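Asks: after the sequence you'll find the predicted model.
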Amino acid sequence: MPTSTRSLPSFRTLPRWGRPAVALCVVLALLAVATVSATAVRFSRLVTNIDTVELVREDTATTGGGGTNLLVVGSDARDGDPQMGDRADSMVLVHLSGDRSRIDAVQIPRDTVLEIPSCTEDLGSVFSGYYGMINGALGAGPGCLVTAVEALTGVQLDHFLELRFEGFARVVDSLDGLPVDLPEALFDPKAELDLPAGEQVLDGDQALAWARTRDSIGDGSDIGRMGNQQAVMHTIVDRVGERKLVTRPGRAYSFLDAVTSSVRADADLADLRTAVRLGAGLARVPRENISIATMPWEPDFYDLNRVVPSAAAEEVFAGLVRDEPVLVTPAPAGTGASTAAL
């Protein structure tokens, strides 16, 4: 077991290249699929690990000015509890520019509320829609969540990629854990989190609890947790980089197997040719041209514990539709208008 560790600063003090690591993990999942096709023939079978879905969704978005839009979801569905309805625990809208020179990602708070449109559920019945939190739309199927996100943002989505909780843990375990140096102890019974301060190596379940916790970080809100999740992903990306798994796929079979076994995607994205083409485009983007922003938000009029997009969010999403860089002016804490470049 490796003994090297790294100190993890708070989200507000993370270096500029570290804060958008959620987007990097999105890229990583696609690069893993692309890497499969570029290596030994035996790796190509890993593509068949991906669970595919057909996206039956309504036409609620504006056709954009170019580029490719991908919705990446971390869900709280568990393999051992198939009766529990899926909910989107985290959502990132990733835009790859038409000229493949830039990646802009926007993290959507799970507590965002809107008039969720009616849609066709996975089993063919009609979901009537309601006013509520966007994360619940996944329970009616990926197509319903895609419809809801398109209604919220006006951005037409091309692909859907979901990582489930157990999948996250498997990916971490395939990396032999995450070496960390926690500045203080973290305890959150709701998230099954109990970590001492100091140097340690987190296994998959511990890393998952760290990513899920609300009560042990910040103000206990979903917005605060999003910053913590970015720190977790930053650590994963560093771990992959240290092991050179993407550039040396011969050493990466267990990692690739964990990634491809832990996701479900739309059938087009799971096609080897599509994955290779998109993965190659993502891989060409320079680090300094990758950015992630938290959706600018304001409290919901009907429930101050929920959020809705602010006027600034409308400009962000309109920029994505026009295939323009995401530019969010840093705002006072609590407005959700923050962005960083890789």
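Replies: Thanks, I have it.

Asks: show me where the chain has helices.
Replies: Along the chain, counting by DSSP state H, helices occupy 21-37, 142-153, 165-174, 204-212, 222-243, 253-261, 267-270, 272-283, 311-321.

Asks: check which helices and strands the shortest one is in contact with.
Replies: Going back to what we said before, that points to helix 267-270. Contact analysis of helix 267-270 by 3 or more Cβ pairs under 8 Å, 6 or more residues apart in numbering; DSSP states H and E lists strand 51-53, strand 159-164, helix 272-283 as its packing neighbours. Backbone N, C-alpha and C define where each C-beta goes, glycine included.

Asks: and that helix, which residues are buried?
Replies: Buried residues in helix 267-270, counted by 16 or more other Cβ atoms under 10 Å: Asp268, Leu269, Ala270.

Asks: show me which of the residues you listed is closest to Ile290.
Replies: Nearest to Ile290 out of the buried residues of helix 267-270 is Leu269 (Cβ to Cβ; 19.5 Å).

Asks: isn't the closest one right next to Pro142, touching?
Replies: No - with contact defined as Cβ atoms under 8 Å, Leu269 does not reach Pro142; the gap is 11.3 Å.

Asks: what sits in contact with each of these two?
Replies: Common neighbours of Leu269 and Pro142, counting by Cβ atoms under 8 Å, 6 or more residues apart in numbering, are Phe160.

Asks: need the helices of the chain in CSV with distance to Thr294 and mean pLDDT, can you?
Replies: Shown next, in CSV, are the helices of the chain (distance: least, Cβ to Cβ, whole Å; pLDDT from 0 to 100):
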stretch, distance to Thr294, mean pLDDT
helix 21-37, 10, 50
helix 142-153, 14, 92
helix 165-174, 20, 84
helix 204-212, 16, 86
helix 222-243, 6, 70
helix 253-261, 25, 81
helix 267-270, 25, 85
helix 272-283, 21, 75
helix 311-321, 10, 93
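
Asks: turn the ones you listed into TSV, including distance to Leu186.
Replies: Below are the helices of the chain laid out as TSV (distance: least, Cβ to Cβ, whole Å):
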stretch	distance to Leu186
helix 21-37	19
helix 142-153	30
helix 165-174	16
helix 204-212	7
helix 222-243	10
helix 253-261	24
helix 267-270	35
helix 272-283	32
helix 311-321	31
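
Asks: now Asn49, nearest residue through space, not along the chain?
Replies: Spatially, and ignoring its direct neighbours in sequence, Asn49 is nearest to Thr260 (4.0 Å; Cβ to Cβ, 6 or more residues apart in numbering).

Asks: wait, Leu96
Replies: Spatial nearest neighbour of Leu96, chain neighbours left out: Thr68 (4.5 Å); criterion: Cβ to Cβ, 6+ apart.

Asks: how about Ile103?
Replies: Nearest residue to Ile103 in three dimensions, chain neighbours excluded: Ile290, at 4.5 Å (Cβ to Cβ, 6+ apart).

Asks: in this structure the residue nearest to Asn49 contacts Asp51, no?
Replies: No - in this structure, Thr260 is not within contact of Asp51 by Cβ under 8 Å, at 9.6 Å.

Asks: the more surrounded of those two?
Replies: With neighbours defined as other Cβ atoms under 10 Å, Thr260 and Asp51 compare such that Thr260 has more, 24 against 14.

Asks: low-confidence ranges, the stretch 1-150 of the chain, go.
Replies: Residue ranges of the stretch 1-150 of the chain with pLDDT under 70: 1-44, 57-64, 76-85, 121-125.

Asks: if we use 80, what do you get?
Replies: 1-48, 55-65, 76-87, 89, 120-129 (pLDDT under 80).

Asks: straight-line length of stretch 245-255, end to end?
Replies: Stretch 245-255 has its terminal residues 8 Å apart, counting by Cα to Cα, to the nearest Å.

Asks: tell me the most buried of the helices and strands packed on helix 267-270?
Replies: For the helices and strands packed on helix 267-270, the largest average neighbour count (mean count of other Cβ atoms under 10 Å) is found in strand 159-164, namely a mean of 22.

Asks: and it with helix 272-283, angle?
Replies: 90 degrees (axes from the mean of the first three to the mean of the last three Cα atoms, to 10 degrees).
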